[in-house]
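[1] Quick one, fold the following:
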Amino acid sequence: MFVVYKSKTTLNFLVMVFLLLGEGSLAQGLNQTWLLGYSVQTDQYTTSTKARLTFTGTSYSLIPEIRKMAFDATQGNISDSNGNLLMASNGCWVANSTGDTMLNGSDLNPGAFTDDYYFPYFGLPLFNGNVFLPYPGDSNKYVLFHQTGNYNTNGLSTELFYSIIDMTLDNGLGGVTQKNLIALQDTLGWGIGVCKHANARDWWIVAVDDSMKYIYKILFTPLGIDTISVQQLPNMSPYSVFAGQPTFSPDGLKFAFTSTYEISVGNWYHDLRVFSFDRCTGLLFDPNIININDGVRGYSTAFSPNSKYLYASSTLNVYQVNVDTSDIQASLKNVAINDNYYSPLPPLQTDFWLMYLAANGKIYISSGNGVIDIHFINYPDSSGISCDVEQHALHSPCWVYRGNVNHPNYYLGPVTGSICDSLTGVNEYLNEIQNFSVKPNPSIGDFSISYLLPQNKAGSFEVFDAIGKMIYKLSLPPWSTLQQINLPKLAPGVYHSVITSGGYRSSKKIVVMGE
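    Residues are numbered from 1 along each chain as shown. As a prediction, this is how the structure comes out:
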């Protein structure tokens, strides 16, 4: 972790965080971390302090840090399987785990547009503008897909690049071995969508052209780019200005993006476009357009953990649709109206901008005004207002300028029984409970559990006494990986704990000591 402590107060805060989380709290997995903060130098404000969010069970920890890399809206990062951050990029350069420039990691996305957003101030403003992926079939390598804007096309992207990272270089800190390779060229909307292929090894990388008439689908395999296919989209609306945040549902069966267009000054058209997706062939089908059209612009999309609900927002409203119904438009619900809260620093409205489904099962919503406050959706698997949009509830120690991190579902398993499920030994752990641990053990009944559930499955954690009586039970959300457990006061002894999920069981003995 690249942190510089500036005061005893900060150090005490960090110590308190780690004590509350307990040992093993960083074992979150590839999508553990969201890096916050950008650097601003104006007549009124100067800031270099930033922060990171790490997701723990159904909660999070927020840790301030001093970091070189700043973020606007573009962020890719990836951690190892134990949750240790490996690398990050703001679209301009690649940082290693120490926060310094990775070997050969400078000068991504060549061009005047990138130059204007370069270190130390912002990073690129593209929504979902880059993404790190494990390289298929090689545990030492990663691939970064990335795009930038072009002033000749009013800021739209004209290339989709990719770069290769080898983690065996620079004493394990990694190095970029191939950089700014062109995957495709066209005038593209902002954002990259990513989904696991049906074999659970390869990757689909998806980009939409600016007219929204075509969608590009790249299949990336152990040999690199295998195929690039183009699919013509139906004419879904009278407007064709692509806005972004393309995203796939966690189960890989749906794909969505937003469109927004200024019809006249201050009057915006806004819709949400949803497709079914075949992870084997890459085919998009069953198109739906959901007309939001509340007169305000909107850019965000995020699916719920169970893939049933899709969320989108204008700057002033948050909407939910049920993508499992035959009439998605009829399911549209306004689940939050902006309360016009003004952040104290800077004194700007905390509106709704981009969305991010985090590893703790909540959806986080950034503001478009670069304030310190972030909203979140507490129960995105719930229908209507019971999803509980909690506005400006997370107060960052730094400014958060629109950004979110682009994390696909790294843990999506194969489509069992399909013609594309042709590999053996790939992600087999996804079909059982893995890495169940209890720390500390023995304890006085307060401990943390870490685990990895089967793909797309919820679970439960239960504790039994010596005669088999259940004395504690906790529901485990899909995609969660850690929970803090506080058992009721128990007599010292040996107890039996069990995690069940998707028809699988894993058990551990727990030793409770006297206080």
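[2] hang on, residue 386 is in a helix, isn't it?
    Yes: per DSSP: H, G, I helix; E, B strand; the rest coil, residue 386 lies within a helix segment.
[3] Help me confirm that it comes into contact with residue 378.
    No: contact criterion Cβ atoms under 8 Å: residue 386 and residue 378 do not qualify, at 9.5 Å. No exception for glycine: its C-beta is placed from N, CA and C like everyone else's.
[4] Would you mind telling me which of the two has the busier surroundings?
    Per other Cβ atoms under 10 Å, whichever of residue 386 and residue 378 has more neighbours is residue 378, with 15 against 10.
[5] and that one, what is it in contact with?
    Taking Cβ atoms under 8 Å, 6 or more residues apart in numbering as the criterion, residue 378 is in contact with 362, 387-390.
[6] so where's the chain uncertain?
    The chain contains residues with pLDDT under 70 at 1-28, 39-48, 57, 119-121, 240-243, 422, 424-431, 456, 479.
[7] Okay, helices next: where are they in the stretch 51-200 of the chain?
    Secondary structure of the stretch 51-200 of the chain, counting by DSSP state H, counting those that start in this stretch: helices at 112-116.
[8] just to revisit the earlier point, looking at the contacts of residue 378, spot the one nearest residue 74.
    The shortest gap between residue 74 and any of the contacts of residue 378 belongs to residue 362, at 21.9 Å (Cβ to Cβ).
[9] Could you tell me how many residues sit around the closest one?
    A count of nearby residues for residue 362, using other Cβ under 10 Å, gives 22.
[10] Next: the one 4 residues further on.
    Around residue 366 sit 26 other residues, with neighbours defined as other Cβ under 10 Å.
[11] That one contacts residue 404, correct?
    Yes: with contacts defined as Cβ under 8 Å, residue 366 counts as touching residue 404 at a distance of 5.8 Å.
[12] residues bridging contact with these two, i.e. touching both?
    Between them, residue 366 and residue 404 share the neighbouring residues 354-356, with contact defined by Cβ under 8 Å, 6+ apart.
[13] Inside strands: which ones of those?
    Assigned to strands by DSSP state E, the following of the shared contacts of residue 366 and residue 404 qualify: 355-356.
[14] coming back round to it: highest neighbour count among the contacts of residue 378?
    residue 389 (24 neighbours).
[15] Can you name the residues bridging to that residue?
    In this entry, residue 389 is beta-bridged to residue 377, by DSSP bridges.
[16] got the contact list for it?
    Contact analysis of residue 389 by Cβ under 8 Å, 6+ apart lists 318, 335-336, 365, 375-378.
[17] Pick the one among these closest to residue 111.
    In terms of Cβ to Cβ, no member of the contacts of residue 389 lies closer to residue 111 than residue 365, at 30.3 Å.
[18] I'd like to know how many residues surround the residue lying closest to the closest one once chain neighbours are set aside.
    Beyond its immediate neighbours in the sequence, the residue positioned closest to residue 365 (Cβ to Cβ, 6 or more residues apart in numbering) is residue 375, lying 4.1 Å away. Neighbour count for residue 375, taken as other Cβ under 10 Å: 26.
[19] Repeat that for residue 450.
    For residue 450, the number of neighbouring residues by other Cβ under 10 Å comes to 25.
[20] With residue 94 instead?
    Residue neighbour count, defined by other Cβ under 10 Å, stands at 29 for residue 94.
[21] same question, the one 4 residues further on
    For residue 98, the count of nearby residues is 12 (other Cβ under 10 Å).
[22] So it is in contact with residue 173, correct?
    Yes: distance between residue 98 and residue 173: 6.7 Å, which falls inside the contact criterion (Cβ under 8 Å).
[23] and the longest strand anywhere in the chain, which residues are buried?
    With DSSP E setting the assignment, residue counts place strand 175-188 as the longest strand in the chain. Going by neighbour count (16 or more other Cβ atoms under 10 Å), the buried part of strand 175-188 is 175-176, 179-180, 183-184, 186-188.
[24] Closest one to residue 202 out of these, please.
    For those, the closest approach to residue 202 (Cβ to Cβ) belongs to residue 183, at 14.6 Å.
[25] Excluding residues flanking it in the chain, which one is nearest the closest one?
    Nearest one to residue 183, counting by Cβ to Cβ, 6+ apart, is residue 160 at 4.6 Å.
[26] go on, residue 91?
    Skipping the residues right next to it in sequence, residue 91 comes nearest to residue 124 by Cβ to Cβ, 6+ apart, at 3.2 Å.
[27] Okay, that neighbour and residue 87: tell me how far apart.
    When distances are taken as Cβ to Cβ, to the nearest Å, residue 124 and residue 87 turn out to be 16 Å apart.
[28] higher neighbour count, these two?
    Looking at residue 124 and residue 87 with other Cβ under 10 Å, you find the greater number of neighbours at residue 124, namely 30 against 22.
[29] from what I can see the more buried one touches residue 74, true?
    Yes: taking Cβ under 8 Å as the contact criterion, residue 124 and residue 74 are neighbours in contact, 3.9 Å apart.
[30] Quick check: neighbours shared by these two?
    Counting by Cβ under 8 Å, 6+ apart, the common neighbours of residue 124 and residue 74 are 90-91, 130.
[31] out of those residues, which are inside strands?
    Among the shared contacts of residue 124 and residue 74, the members found in strands (DSSP E) are residue 130.
[32] Relative to residue 325, which of the shared contacts of residue 124 and residue 74 is nearest.
    Closest approach to residue 325 among the shared contacts of residue 124 and residue 74 (Cβ to Cβ): residue 130, at 33.4 Å.
[33] How much space separates the closest one from residue 272?
    Look at residue 130 and residue 272: by Cβ to Cβ, they are 23 Å apart.
[34] ok, now residue 375?
    Between residue 375 and residue 272 the distance, using Cβ to Cβ, works out to 19 Å.
[35] And for residue 488?
    Residue 488 is 46 Å from residue 272, where distance means Cβ to Cβ.
[36] wait, what's in contact with residue 498?
    Residues near residue 498 by Cβ under 8 Å, 6+ apart: 461-462, 464, 505-507.
[37] Adding secondary structure, write the residues you listed out as JSON lines.
    Putting these into JSON lines (three-state DSSP) gives the following:
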{"residue": "461", "secondary structure": "strand"}
{"residue": "462", "secondary structure": "strand"}
{"residue": "464", "secondary structure": "strand"}
{"residue": "505", "secondary structure": "strand"}
{"residue": "506", "secondary structure": "strand"}
{"residue": "507", "secondary structure": "strand"}
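[38] Need the max-distance pair from the residues you listed.
    Comparing all pairs in those by Cβ to Cβ, the longest separation belongs to 464 and 506, at 14.1 Å.
[39] so where do the strands sit in the stretch 251-400 of the chain?
    For the stretch 251-400 of the chain, strands defined by DSSP state E, counting those that start in this stretch occupy the ranges 254-264, 267-277, 284-291, 300-303, 309-313, 317-322, 333-337, 355-357, 363-365, 373-377, 389-395.
[40] Which elements pack onto the fourth one?
    This points to strand 300-303. Contact analysis of strand 300-303 by 3 or more Cβ pairs under 8 Å, 6 or more residues apart in numbering; DSSP states H and E lists strand 242-248, strand 254-264, strand 309-313, strand 355-357 as its packing neighbours.
[41] Ok, which of those strands comes nearest residue 105?
    Across the helices and strands packed on strand 300-303, the minimum distance to residue 105, taken as Cβ to Cβ, is reached by strand 355-357, at 23.8 Å.
[42] Direction included, what does the closest one pair up with?
    With DSSP bridges as the test, strand 355-357 pairs up with strand 363-365 (antiparallel).
[43] Buried residues in the partner strand, which are they?
    Using 16+ other Cβ under 10 Å as the test for burial, strand 363-365 gives 363-365.
[44] How about stretch 386-403?
    Using 16+ other Cβ under 10 Å as the burial criterion, the residues of stretch 386-403 that qualify are 387, 389, 391-392, 394, 396-403.
[45] Endpoint to endpoint, that stretch covers what distance?
    Using Cα to Cα, to the nearest Å, the gap from the first to the last residue of stretch 386-403 comes to 26 Å.
[46] where does the residue nearest the centre of the chain fall, helix, sheet strand or coil?
    The chain has residue 407 as the residue nearest its centroid, 3.6 Å off, counting by Cα atoms, centre = their mean. The three-state assignment at residue 407 reads coil, by three-state DSSP.
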